[in-house]
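Visitor: Sequence and predicted structure are below.
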Amino acid sequence: MSKYWSDITKKIDPYIPGEQPKDKKYIKLNTNENPYPPSEQVIKAIQNAANENLKLYPDPTSERLRDTIADYYSLKKEQVFIGNGSDEILAFSFIGFFNPNEPILIPDITYSFYKVYSNLFNIKYNLISLNNDLSLPIDKFFIPNGGIIFPNPNAPTGRYVPLEFIEEVLNKNKDKVVIVDEAYIDFGGESSVKLIDKYENLLVIQTLSKSRSLAGLRVGFALGQEHLITGLDRIKNSVNSYTTDTLALFGAIEAIKDEEYFQETRRKIIDTRNRVSEELKSIGFNVIDSKTNFVFISHPYIKAEDIFNRLKEKNVLVRYFNQPRIDNFLRVSIGNDEEMNYFIKVIEDIV
Ligand code: PMP
């Protein structure tokens, strides 16, 4: 700690990003990136934008990208907000929709950034304790709250709830904002985007980092009724009008437009995930049913930490959570078939 730090700097508990090793020897199954490259159209658009546009500031209202996303989801441009990755939009949402004196609800096992933002913005939270099978308990979403945020599918469990569940939460919390973080929705879940016109308290947040292979470009978007989007705009324009750079804006448009490539790569990941899940079960693993690009697994006899270390010795990097209730689980991102075949071969030798 430094004497120059503010009280906030002293108090916060920053997020620790997953390992990004420089050494190329690793098969990287630790941060839920997409194993396939982005669409070629994306690369071309970024190259063109780099040649032409960098001396100017980017469009501060991201008009063309918002139009493209609005078209894709049959919404209005005014219902779309663009951010520098969905993490940034999550941060803006905490400031924009939650108040310090009203505790919000978040699942006890979930994306760890939510607690980080709560601490940073001084927003209290109550934890919703997951069921024994790590599913979300609907009844606990009805205790008084100042807003709710959870991922669907949840991370790191991979579990998904259907739209009826989301509607029940929205109906019972009508005067509070319910944020559904759909970072992984494209891997088999049904998006709550179609509920937006019906529920004025719903904000859906998605990202191009996972299903569109663009973790490095940093583009996320939020979808909701206009009054929520203008709230986010107010926050953004009070922090940094140009949070999404020109290359990101041009690349993201093509990523949304290249539907064929999106469907092809997303299908491959779903197929590989389903195959790998079956193979892991057949060698004794407990595999939580996943609708994401990762699987959450445990073994009845071998400690997750030991498996993590032994995989790492064989150059396979997965994620281990040293956290109560899930310290016997590993989260394994779905790579391409060759990577997953190697992973299965190594893990077979461990168990
Ligand atoms: N939400 C969840 C549940 C995530 O797992 C992640 C990725 N770690 C994010 C949001 C953030 O994604 P990004 O900032 O890359 O859009």
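Guide: Right, received. Where do you want to start?
Visitor: Contacts for the longest helix belonging to the chain next, please.
Guide: In the chain, assigned by DSSP state H, the helix with the most residues is helix 259-282. Contact with helix 259-282 is made by 34-36, 39-41, 186-188, 211-213, 255, 287, 289-290, 292-295, 297, 332, 334-337, 340, 343-344, 347, as judged by C-beta atoms under 8 Å, 6 or more residues apart in numbering. (Glycine included, C-beta is placed from N, CA and C.)
Visitor: Pop out the phi and psi values for the closest residue to Lys257 other than its chain neighbours.
Guide: In space, and not counting its chain neighbours, Lys257 is closest to Thr68: 6.5 Å by C-beta to C-beta, 6 or more residues apart in numbering. Note on Thr68: its backbone torsions stand at phi -60, psi -40 [degrees, to the nearest 10].
Visitor: For the chain, what lies in contact range of the ligand?
Guide: 85-87, 111, 151, 155, 181, 183, 207, 209, 215, 220 (C-beta under 6 Å from any ligand atom).
Visitor: Which of those residues fall in helices?
Guide: 85-87.
Visitor: pLDDT of stretch 109-123, averaged?
Guide: Averaged over stretch 109-123, pLDDT sits at 97.
Visitor: List the buried residues in that stretch.
Guide: Neighbour counts over stretch 109-123 (16 or more other C-beta atoms under 10 Å) mark 109-111, 113-114, 116-120, 123 as buried.
Visitor: before we move on, what about stretch 76-93?
Guide: 77, 79-93.
Visitor: Do a quick rundown of the strands in the stretch 151-300 of the chain.
Guide: Ranges of strands within the stretch 151-300 of the chain are 178-181, 202-207, 220-224, 286-287, 294-298, based on DSSP state E, counting those that start in this stretch.
Visitor: Keeping just the C-alphas, turn stretch 218-238 into CSV.
Guide: Taking Å, rounded to 0.1, in the frame of the first residue of the first chain, the C-alpha atoms of stretch 218-238 are listed here in CSV:
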residue,chain,number,x,y,z
ARG,A,218,-12.8,-5.8,-26.9
VAL,A,219,-16.4,-5.3,-28.0
GLY,A,220,-19.5,-6.0,-26.0
PHE,A,221,-23.1,-4.7,-26.3
ALA,A,222,-26.1,-4.2,-24.1
LEU,A,223,-29.7,-4.5,-25.3
GLY,A,224,-32.7,-3.1,-23.5
GLN,A,225,-35.5,-0.5,-23.7
GLU,A,226,-34.4,3.0,-24.7
HIS,A,227,-34.6,4.4,-21.2
LEU,A,228,-31.9,1.9,-20.0
ILE,A,229,-29.7,2.5,-23.0
THR,A,230,-29.8,6.3,-22.5
GLY,A,231,-28.8,5.7,-18.8
LEU,A,232,-25.7,3.8,-20.0
ASP,A,233,-24.9,6.6,-22.5
ARG,A,234,-25.0,9.1,-19.7
ILE,A,235,-22.5,7.1,-17.7
LYS,A,236,-20.2,6.4,-20.7
ASN,A,237,-20.1,10.1,-21.7
SER,A,238,-19.1,10.9,-18.2
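Visitor: Run the chain-centre distance for that stretch.
Guide: 17 Å (C-alpha atoms, centre = their mean, to the nearest Å).
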